[in-house]
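# After the sequence you'll find the predicted model.
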Amino acid sequence: MLKIHQIFILKFLGLFVGALFVTSVISYIALKSIIIEHNKKNLTNAIELIELELQNKHNLDEYVLKVHEKTSLRVTIVDVDGVILAESNADKSDMDNHGSRYEIMKSNSNEYSSITRYSSTLKVDFLYVAKKILYNDETIYIRLSMSLAQIMDDFYSLWQKLFVVFLVIVLIASYISKIMSQRIVYDISQITSYLDEISNKNYKAVVKTKYFHEFLQISLLLKNLVKKLSKNEKKKTKHMAKLRLINKQRNDILSALSHEFKNPIASIMGYAQTIQEDSDMPDKIRNKFLAKISSNGEKISKMLDRLALSVKLDNGDLNINNSEFDLKQLCDEVALNMLSKYKDREIVVQVNEAILFSDKTMLELVLINLVDNALKYSKTDVKISLKNNILTVEDSGIGIKAEELKKVTRKFYRVDKNSWDNSMGIGLAMVSYILKALNSSIEIESEFGKGSKFSFSISEMLKS
């Protein structure tokens, strides 16, 4: 199958050669007609000269021979009855009567008559021109003729020269067509290579067409299409990354739920089974086991509540209920409640009185999470302080590695063996969400092995 540039070249050359052929035929016909007309004019002029000299000639046979020798023209003189009086190229005695010849008959009505006809005497095509004149007071006809072979020899000589010119033009056109073909092939190869790169998702590939405006337009359209494909590919990549993150979070949720719920459920089942199997168990031990079951059930309930709160924060469904309260009083209450859980620890509260207008319940949840983390991952005192409207919970515990600091507030994120919250990896994420809802944000400073500081601003919460 031919390629597009080959079809173009063949069509171009075919059209060009066809145009030359049609031009040649038209030129052939036109030139032939022009040459014949030109020779008719020459024969007419020659008859005029012969007519002038003929009045002084008495020997017509001798005269026509001399004219033929000088001009190579065939000269025939015919009387009014069609009898040949003189003939330069044949024996007049062998010639037929010419009274019925077209050119002779036509000269009776026209000054000059002409015709192209095959001569049966000389076996060749001739151009005949005849005129009726008076010679010694008698009507005669002078007829001059010339072989068309001679006329066509002149024509063919001219045509050969024109053919050479046409051949040179065809060769030049073929060379130009070859150059055009090479340029078409170059531009097409650039586009096909570009498309091949794009099919391999190389959206940074470059296309450089440089010869034809149409291919340049195609390349520009392709570049615009590639930009759209690249954007769609990026969107697809982001979407896939989001889906992977969602799947990972789902797995993290299942893992966290399985891990966190396993121990309290196992405890509940163990204590319940022991009570069920030992009907003679003392009341004191039975009540202790029931208290353990209740405690673990409460722990599971709190985990579920925290998870539900986290979902609400994610969905923006949390309602903020602002009220006036004293920050110092809130910090003291949180410290007292946490000490009931960590009886052998100390929480130092260095907070002066500060009246806030905010959601007390949400802020209490923030402080409980931060203090609980500090107590859980340190063995020394925990300090709650307020300075320059910045509330800080500080410990001297195991700390957080620098590369983990930006990750600890992610939902379900755990730092190696540490869980920087007190349940399912959502504590600090919840703190971050709540503070954002309260127009603040969590700031973490930590040095691994030396302790951590968790701070947030209360400037937007202060009563104006």
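Yep, that arrived.

# got any ranges where the stretch 301-450 of the chain has weak pLDDT?
Along the stretch 301-450 of the chain, segments meeting pLDDT under 70 span 302-303, 305-318, 402-427.

# From the centroid of the protein, which residue is nearest?
Nearest to the geometric centre of the chain sits residue 222, at 1.9 Å (C-alpha atoms, centre = their mean).

# For it, give me its contacts.
When the contact criterion is C-beta atoms under 8 Å, 6 or more residues apart in numbering, the partners of residue 222 are 191, 194, 195, 198, 207. C-beta here means a position set from N, CA and C on the backbone, and glycine is covered the same way.

# run the last query once more with 7 Å
194, 207 (C-beta atoms under 7 Å, 6 or more residues apart in numbering).

# can you check residue 456 too?
391, 435, 440, 441, 442, 443.

# Helix or strand: which one has the second one?
What that stands for is residue 435. Using DSSP states H and E, residue 435 sits in helix 427-437.

# sec struct for residue 345, please.
Three states are possible here, and by DSSP: H, G, I helix; E, B strand; the rest coil the one that applies to residue 345 is coil.

# Tell me, how many residues neighbour it?
Applying the criterion other C-beta atoms under 10 Å, we find 15 residues in the vicinity of residue 345.

# ok, the residue lying closest to it once chain neighbours are set aside to residue 459 distance?
Across the structure, with C-beta to C-beta, 6 or more residues apart in numbering as the measure, the residue nearest residue 345 apart from its sequence neighbours is residue 375 (5.7 Å). Going from residue 375 to residue 459 by C-beta to C-beta, to the nearest Å gives 27 Å.

# higher neighbour count, the two?
When neighbours are counted by other C-beta under 10 Å, residue 375 and residue 459 differ, and residue 375 comes out ahead with 22 against 11.

# close enough to count as contact, the more buried one and residue 381?
No: proximity of residue 375 to residue 381 does not meet the contact threshold set by C-beta atoms under 7 Å, at 9.7 Å.

# show me where the stretch 151-300 of the chain has helices.
213-277, 283-315 (DSSP state H, counting those that start in this stretch).

# Considering those helices, which stretch scores lowest in mean pLDDT?
Taking the mean pLDDT of each of the helices of the stretch 151-300 of the chain, the lowest value is held by helix 283-315, a mean of 75.

# Was I right to think residue 50 contacts residue 143?
No: under the criterion of C-beta under 7 Å, residue 50 lies out of contact with residue 143, with a separation of 10.4 Å.

# Please identify which of these two sits among more neighbours.
The residue with more neighbours, out of residue 50 and residue 143 and counting by other C-beta under 10 Å, is residue 143; that gives 25 against 21.

# List the beta-bridge partners for that one.
Here residue 143 shows beta-bridge partners residue 76, residue 130, assigned using DSSP bridges.

# ranges for the strands of the protein?
74-79, 84-87, 113-119, 124-135, 138-147, 323-326, 347-350, 355-358, 382-387, 390-395, 443-447, 451-457 (DSSP state E).

# I'd like these written out as TSV, with distance to residue 278 added.
Output for those, formatted as TSV (distance: least, C-beta to C-beta, whole Å):
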stretch	distance to residue 278
strand 74-79	155
strand 84-87	161
strand 113-119	144
strand 124-135	143
strand 138-147	147
strand 323-326	49
strand 347-350	41
strand 355-358	52
strand 382-387	42
strand 390-395	43
strand 443-447	49
strand 451-457	46
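
# Tell me which of those approaches residue 431 most closely.
Residue 431 lies closest to strand 451-457 among the strands of the chain, at 7.9 Å (C-beta to C-beta).

# Using PDB, write out the CA atom coordinates for the closest one.
Presented in PDB, the C-alpha positions along strand 451-457 are these (Å, rounded to 0.1, in the frame of the first residue of the first chain):
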ATOM      1  CA  GLY A 451      10.400  15.000  76.400                       C
ATOM      2  CA  SER A 452       7.700  16.900  74.600                       C
ATOM      3  CA  LYS A 453       5.700  20.100  74.600                       C
ATOM      4  CA  PHE A 454       2.200  20.300  73.300                       C
ATOM      5  CA  SER A 455       1.000  24.000  72.900                       C
ATOM      6  CA  PHE A 456      -2.000  25.900  71.500                       C
ATOM      7  CA  SER A 457      -3.100  29.600  71.600                       C
END
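
# Listing request: residues of the stretch 101-250 of the chain with sub-threshold pLDDT.
Confidence mapping of the stretch 101-250 of the chain against pLDDT under 70 gives the ranges 121-122, 150-152, 154-155, 249-250.

# 90 - rerun?
By pLDDT under 90, the low-scoring segments of the stretch 101-250 of the chain are 116-127, 135-138, 145-250.
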